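J.: I would like to see how this sequence folds:
(2 chains)
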Amino acid sequence: MLAIIDYRAGNQTSVRRALESLGIPCAVTADPSQIAAADGILFPGVGAAGQAMGELARTGLDAVLKRAVAAGQPLLGICLGCQILLERSEEDGGTETLGIVPGTCRRFADGLRQEDGSPAPVPHMGWNSLHVRRACRLLDGVDEKAEFYFVHGYYTDPAPGLVIATTVYGGEFCSVYGRDGLWAVQFHPEKSGRPGLAILRNFHEYCTGGHNAQ
Amino acid sequence: MLSKRLIVCLDVRNGRLTKGIKFTGNLDIGDPVESARRYYEEGADEIVFYDITASAEARGIFLDVVERVASQIFIPFSVGGGIASVADMRAVLLAGAEKISINSAAVKNPALITQGAEAFGSQAVVVGMDVLAVPQSEAIPSGYEIVIHGGRLHTGLDALAWARKCEELGAGEICVNSIDADGTRDGYELRLTRAIVDAVTIPVIASGGAGRPEHLYEAVSAGGASAALIASIVHYGQYSIRECKNVMAGRGAKVRLAW
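T.: Have a look, this model is predicted:
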């Protein structure tokens, strides 16, 4: 069973529907014991970092997430979840975030241009590609031409060794980072068609023992 | 770089498509959920549903459609038609849509754009606008006027000024539909599309007039749109989404080709 963290941050229902379509047992939950018992954790989110951190602190889920990762439970951060796993965010006038992964979440600069010279307005919204920098089991079976659906005004800048894939919009930014069992994606795998579903399936397979067998 | 999007538009009345869609093999499908699923599998980048019913009873049926769509398609989709309040927006977003689209309601009550953006984020609020070419005047310097109620009611609003105002109020995207081009299959109104694109910084969706895949390419190149709304060009089995995208890619547009 995968636990989808419920902290009123938006897209948990979409993530649940995507997992259910794959036949993956899951629960949207804020219950620490149910989270601790899960094979893996999905940490989604849309919205602003400050509000999300406030809600995580109010419910104590910030400590639950830190304990889970320290105990080696697999975790996949999605969109805002990807951003607030880092130490700090430039959003909301500077926000201290979970600090589970070293790095900062930064704002896209104004006035950026795409490769064809057209403006690159913020937020970055739509389908874009990945440039894979480092092999990762999360991306197993994903076509290198596959595109993913992004909606974000800030981008992650984790410790350089953790970058798995980048995306180009105005400049190049990190769109997938992590290490075995602790991953984060800036895009929405639950809204990225079959390639996105493949990532969720790969994560579930890792959680349910694929990593022991390999 | 972002891909240019093809957004398939489905009109729904009382929980059914207003007109059955012919898929390959002459399969005629009237169920909006099944049609959305087919378009999802065939490579649509986004889907928009317009609920053209008004009664409260039909609204419940429509929300059920939205929920069933959300459990079967895993790309973004938006909902328009009959949305006049933040409560209406919340209902379709909770049912599983990513975005809501407002048109006449935004003209009558522009504050609705801001209220929606504050409650759900700008990315969730699309403002649709129906535009008619009119003689240039002091009130309509661009020669493009906003009309509502399917083009029957002139508002006296200049389309470019209205587009700028929508952006200021918090709209995340603008869908510009040319009443003049709609239904002609002669191509999008490119001059209008480009004028709106140049007037705002948010993404613009071109709508109305597509008859051939080349028109889609024109909308995102000469027109400068971020996306093209399509309906009849794919609904009657004339072109597949793959064919449309291949033409666009062949001419140099970046489109999503792997799904």
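J.: identify the residues contacting the residue nearest to the spatial centre of chain A.
T.: Nearest to the mean C-alpha position of chain A, counting by C-alpha atoms, centre = their mean, stands A:I78 at 2.4 Å. The contact partners of A:I78, by C-beta atoms under 8 Å, 6 or more residues apart in numbering or on different chains, come to A:11, A:15, A:42-45, A:184-185, A:188-190. From N, CA and C alone the C-beta is placed, and that goes for glycine too.
J.: would you turn the residues you listed into a markdown table with secondary structure?
T.: Shown next, in a markdown table, are the contacts of A:I78 (DSSP: H, G, I helix; E, B strand; the rest coil):
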| residue | secondary structure |
| --- | --- |
| A:N11 | coil |
| A:V15 | helix |
| A:L42 | strand |
| A:F43 | strand |
| A:P44 | coil |
| A:G45 | coil |
| A:A184 | strand |
| A:V185 | strand |
| A:H188 | coil |
| A:P189 | helix |
| A:E190 | helix |
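J.: list just the nearest of these to chain B.
T.: Nearest to chain B among these: A:E190, at 6.2 Å, using C-beta to the nearest C-beta.
J.: quick one: that closest one and A:L200 touch, right?
T.: Yes - using C-beta atoms under 8 Å, A:E190 is in contact with A:L200, at 7.1 Å.
J.: what's the overlap in contacts for the two?
T.: In contact with both A:E190 and A:L200: A:15, A:18, using C-beta under 8 Å, 6+ apart.
J.: picking that back up, make a PyMOL selection of the buried ones in the contacts of A:I78.
T.: Buried members of the contacts of A:I78, defined by 16 or more other C-beta atoms under 10 Å in any protein chain shown, are picked up in PyMOL with:
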select buried, chain A and resi 11+15+42+43+44+45+184+185+188+189+190
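J.: show me which helix runs longest in chain B.
T.: Using DSSP state H to define each element, chain B has its longest helix at helix B:56-70.
J.: how far away from the center of its chain is that helix?
T.: Computed by C-alpha atoms, centre = their mean, to the nearest Å, the chain-centroid distance of helix B:56-70 equals 19 Å.
J.: just checking, what packs against that helix?
T.: With contacts taken as 3 or more C-beta pairs under 8 Å, 6 or more residues apart in numbering or on different chains; DSSP states H and E, helix B:56-70 sits against helix A:12-21, strand B:5-13, helix B:32-41, strand B:46-51, strand B:77-80, helix B:86-95.
J.: any idea which of those is most buried?
T.: Most buried of the helices and strands packed on helix B:56-70, by mean neighbour count (mean count of other C-beta atoms under 10 Å in any protein chain shown): strand B:77-80, with a mean of 26.
J.: re earlier: for the helices and strands packed on helix B:56-70, which one sits closest to B:A253?
T.: With C-beta to C-beta as the measure, strand B:5-13 is the member of the helices and strands packed on helix B:56-70 nearest B:A253 (10.4 Å).
J.: now what about the top strand by length along chain A, what contacts it?
T.: Using DSSP state E to define each element, chain A has its longest strand at strand A:171-179. Residues outside strand A:171-179 that contact it (C-beta under 8 Å, 6+ apart): A:82, A:101, A:103, A:109, A:112, A:128, A:130-131, A:136, A:138-139, A:148, A:150, A:155-158, A:162-167, A:183-187.
J.: bridging across strands, which residues link to A:T104?
T.: With DSSP bridges as the criterion, A:T104 is bridged to A:R88, A:D157.
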